[in-house]
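1. Next comes the sequence, and after it the predicted model I'd like to discuss.
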Amino acid sequence: MSRITPTLESLKQSGRKALIPFITAGDPNPAFTVPAMHAMVKAGVNIIELGVPFSDPMADGPVIQRASERALAHKMSLRKVLELVREFRQQDNVTPVVLMGYLNPVESMGYQNFVDKAKEVGVDGILTVDMPPEESSELLPMLDQAGIDPIFLLAPNSTDERIAKMGQLGRGYLYYVSLKGVTGASHLNLDDVERKIKDIRRLASLPIEIGFGVKNAETAAAVSKLGDGVVVGSALVGKIEAAGEDTDQALRQITDLLRSMRASLDA
Amino acid sequence: MRFTALTNLDSTETYNLPDQRGHFGPYGGVFVAETLMLPIGELTEAYYRYMKDKDFLAELDYDLQHYVGRPSPIYHAERLSREMGGAQIFLKREDLNHTGAHKVNNTVGQALLAKRMGKTRIIAETGAGQHGVATATVAARLGLECVVYMGSVDVARQAPNVLRMKLLGASVVPVESGSKTLKDALNEAMRDWVTNVDNTFYIIGTVAGPHPYPAMVRDFQAVIGRESKEQMIEMTGRNPDVLVACVGGGSNAIGLFYPFIDDHDVAMHGVEAAGDGIETGRHSAPLSAGRPGVLHGNRTYLMEDEDGEIIETHSISAGLDYPGVGPEHAWLKDSGRAQYVSITDDEAMKGFHALTRMEGIIPALESAHAIAYAMKLAPTLAKDKTILVNLSGRGDKDINTIAAREGISL
């Protein structure tokens, strides 16, 4: 079993919500990533989603597209992301790490090769945006064997049938994309989210983490009440981008934002 | 020749790919984000339903005949054949279609589908601009809002088509991300679709993308091959010996090949863009020099680096400048049913000039690749053999590119 389920179980028992940051590995440069992961853990996050940059990030908005481009300019790759996880694990063997990205780098590495390396370095879950359950029959048994959780996305227009299927095939948690659109979009309607989460609860028993559109402590708190936790991505990546070469400032700003979110989630 | 209706699907074909989930062997499929699963499911259902709907097919046939100008003729390029000194070269004149290329066969079909599905907004990606123009054209006719995504590099090199789209009432959005070409335009169109799924129909211009696009676009383009079959039998008494078509995403090639797949006496040669030469790495030839992977919703041959990142492609022809290829071509290659070859920029230019000067037909630079290959192939075959080349588009749109390359000021 990965570190994800015990982590979410223990949060649930203490009545707390999960705070899950997303940053793109290698953005703005490879040296930033591991210290940032440790700093985010200190700021109170529970699981880290690490973006694997891809040349054609079809489901991402401009903020995360640019993060991908910055990381790729530093020759970041799936193999190097795995090395970053290995480095992170030297000091932190507790915090779950989920790799989030697109399928082609995984295909290119070879499924079994990727799964073996991911297990070896201490990856807990993988989320491939463009691999729906229908196309996952080859990869899922390998992940299962390795004890790595496949995390699936659910959308506002997911049908009951698909929700149930992902509830069965998914492990760790379900990631609810709270709105139609790409990452970093702005229009979030809490009533719609609440209605859909009720459907998902009825059809699937996995914890539900809600992302897309979580920008500040206030929305984080409001959204988290509807599920088991929140994922915050573009808001962090936007601060990393704004800080440019000043990575100390980037680190300060993302940990400040995460601390304020932690406080409002626990309030 | 009489008009070959789309409803003539009553042949005894044994080839029956893709499967229900869009797979051609290991290729194809539906590799998209969750938000797109519902609209893709709706589209798939509509596609299967209307491709069997008599009223829909009758309307499509009417439009193909009276709006597009089908059937397009086949022309025996006698002088070119004589000069090459071998097989007889015939041209399927898709360049004579309304809007100047084969692209309109598909946009007419998808636009009718959009209308049936109650969508009010059309989006499209375009490379050379031919698909963008063909989409803007049908959107204008049906009074639908139209947004076309086009890489900013292509916007610069295909200025006449950008103007045509704007005149037709479309918004042309230059895409600045990635390599700023066709693949990035496709990414951006997908992002638009994911955001506006409720009212928007995405007209993909080639036989790539998630299922049902590769099958659906093929079915709309297959009118090319069905007509060709009848026309060649009428003109020569038999099937052509070799079919030749350029392959970017591969829609004109599949349109020609598909109705001949079960005719094993007919060879099929797809021509990719070798750019500066396969050995230079600066090309757009995934079938010749790439490997399988997943991009834009399907598994197919891709041009990628050792880490699985898509690499930049190069071709003189914007319509072939794409790092992937339709999954059915990937399957036809692996199964050995079709062969894939490549033609460099320089060779394509020679083909362009030869056809222009010898036959008075100015081909699109994309189609010039097919012409150039046919010119290489013809001398190796006996004079009683026939080669049918899909002349997929006309070259008016390329005059700026050609002028720049040859140092001519307009």
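-> Arrived safely.
2. so where's the stretch 151-267 of chain A shaky on pLDDT?
-> Along the stretch 151-267 of chain A, the model assigns pLDDT under 70 to residues A:180, A:182-187.
3. Helices of that one, start to end?
-> Ranges of helices in the stretch 151-267 of chain A, per DSSP state H, counting those that start in this stretch, are A:160-169, A:190-203, A:217-224, A:234-243, A:247-266.
4. residue of the stretch 1-150 of chain A with the smallest distance to chain B?
-> Taking C-beta to the nearest C-beta as the measure, the stretch 1-150 of chain A has A:Ser108 as its residue closest to chain B, at 2.8 Å. Glycine gets a C-beta too; all of them are placed from N, C-alpha and C.
5. Please, which helix or strand holds that residue?
-> Here A:Ser108 sits within helix A:103-109, counting by DSSP states H and E.
6. Now for the closest residue to chain A within chain B, how many residues are close by?
-> Residue nearest to chain A within chain B: B:Gly308 (2.8 Å; C-beta to the nearest C-beta). Look at B:Gly308: counted by other C-beta atoms under 10 Å in any protein chain shown, it has 26 neighbours.
7. Which residue is the nearest non-sequential neighbour of it?
-> In space, B:Gly308 comes closest to A:Ser108 once its chain neighbours are excluded; the distance is 2.8 Å by C-beta to C-beta, 6 or more residues apart in numbering or on different chains.
8. what about the one you found, how many residues close to it?
-> That count, for A:Ser108 with other C-beta under 10 Å as the rule, works out to 23.
9. ok, now which ones touch it?
-> A:Leu78, B:Gly293, B:Glu304, B:Glu306, B:Asp307, B:Gly308 (C-beta atoms under 8 Å, 6 or more residues apart in numbering or on different chains).
10. likewise A:Pro35?
-> Shown in contact with A:Pro35 (C-beta under 8 Å, 6+ apart): A:Leu251.
11. Give me the phi and psi for it.
-> Backbone torsions for A:Pro35, taken as degrees, to the nearest 10, come to phi -60, psi -40.
12. Kindly provide the distance from it to B:Thr126.
-> According to C-beta to C-beta, to the nearest Å, A:Pro35 stands 44 Å off from B:Thr126.
13. Equivalent analysis for B:Asn199, please.
-> Note on B:Asn199: its distance to B:Thr126, by C-beta to C-beta, is 21 Å.
14. What is the three-state secondary structure of B:Tyr301?
-> Classification of B:Tyr301 by DSSP: H, G, I helix; E, B strand; the rest coil places it in strand.
15. Mind listing what's buried along the strand ranked longest in chain B?
-> Ordering each strand of chain B by length in residues (DSSP state E) puts strand B:267-277 first. Neighbour-count burial for strand B:267-277, with 16 or more other C-beta atoms under 10 Å in any protein chain shown as criterion, is recorded at B:Ala267, B:Met268, B:His269, B:Gly270, B:Val271, B:Glu272, B:Ala273, B:Ala274, B:Gly275.
16. contacting residues around the helix or strand that that strand is followed by?
-> Using DSSP H and E, the helix or strand that directly follows strand B:267-277 along the chain is strand B:282-284. Here strand B:282-284 makes contact (C-beta under 8 Å, 6+ apart) with B:248, B:272-277, B:289, B:303, B:313-315, B:320-323, B:342.
17. avg pLDDT for strand B:282-284?
-> Mean pLDDT, strand B:282-284: 97.
18. same deal with stretch B:338-357?
-> The model assigns stretch B:338-357 a mean pLDDT of 98.
19. now do stretch B:14-25
-> 94.
20. One more: stretch A:124-137?
-> Stretch A:124-137 comes out at a mean pLDDT of 96.
21. for that stretch, which positions count as buried?
-> Buried positions in stretch A:124-137, judged by neighbour count with 16+ other C-beta under 10 Å: A:Asp124, A:Gly125, A:Ile126, A:Leu127, A:Thr128, A:Val129, A:Asp130, A:Met131, A:Pro132, A:Pro133, A:Glu135, A:Ser136.
22. Over to stretch A:37-52?
-> Buried residues in stretch A:37-52, defined by neighbour count with 16+ other C-beta under 10 Å: A:37, A:40-41, A:43-52.
23. What is the linear distance spanned by it between its boundary residues?
-> Stretch A:37-52 stretches 14 Å from its first residue to its last (C-alpha to C-alpha, to the nearest Å).
24. Average pLDDT for that stretch, rounded please.
-> Rounded mean pLDDT across stretch A:37-52 is 98.
25. on that earlier part again, more neighbours: B:Asn199 and B:Thr126, which one.
-> B:Thr126 (32 against 10).
26. tell me the contacts of the more buried one?
-> Contacts of B:Thr126 (C-beta under 8 Å, 6+ apart): B:Gly132, B:Val133, B:Thr135, B:Val148, B:Tyr149, B:Met150, B:Asp154, B:Asn161, B:Met165, B:Leu182, B:Ala185, B:Gly205.
27. nearest spatial neighbour of it, skipping sequence neighbours?
-> According to C-beta to C-beta, 6+ apart, the nearest residue to B:Thr126 is B:Gly132 (3.2 Å).
28. Convert the C-alpha atoms of stretch B:45-57 to CSV, please.
-> C-alpha atoms of stretch B:45-57 as CSV (Å, rounded to 0.1, in the frame of the first residue of the first chain):
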residue,chain,number,x,y,z
GLU,B,45,-23.1,8.3,-30.9
ALA,B,46,-24.2,11.0,-33.4
TYR,B,47,-21.6,9.8,-35.9
TYR,B,48,-22.7,6.2,-35.8
ARG,B,49,-26.3,7.2,-36.0
TYR,B,50,-26.1,9.7,-38.8
MET,B,51,-23.8,7.7,-41.0
LYS,B,52,-26.7,5.3,-41.3
ASP,B,53,-29.4,8.1,-41.6
LYS,B,54,-30.8,8.4,-45.1
ASP,B,55,-31.8,12.0,-44.7
PHE,B,56,-28.4,13.0,-43.4
LEU,B,57,-26.6,11.2,-46.2
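29. Now for the buried residues of stretch A:37-52: which two are most distant?
-> A:Gly44 and A:Val52 (24.5 Å; C-beta to C-beta).
30. distance between the ends of stretch B:255-274?
-> 22 Å.
31. Please read the previous query as pertaining to stretch B:163-180.
-> For stretch B:163-180, the first-to-last residue distance is 19 Å (C-alpha to C-alpha).
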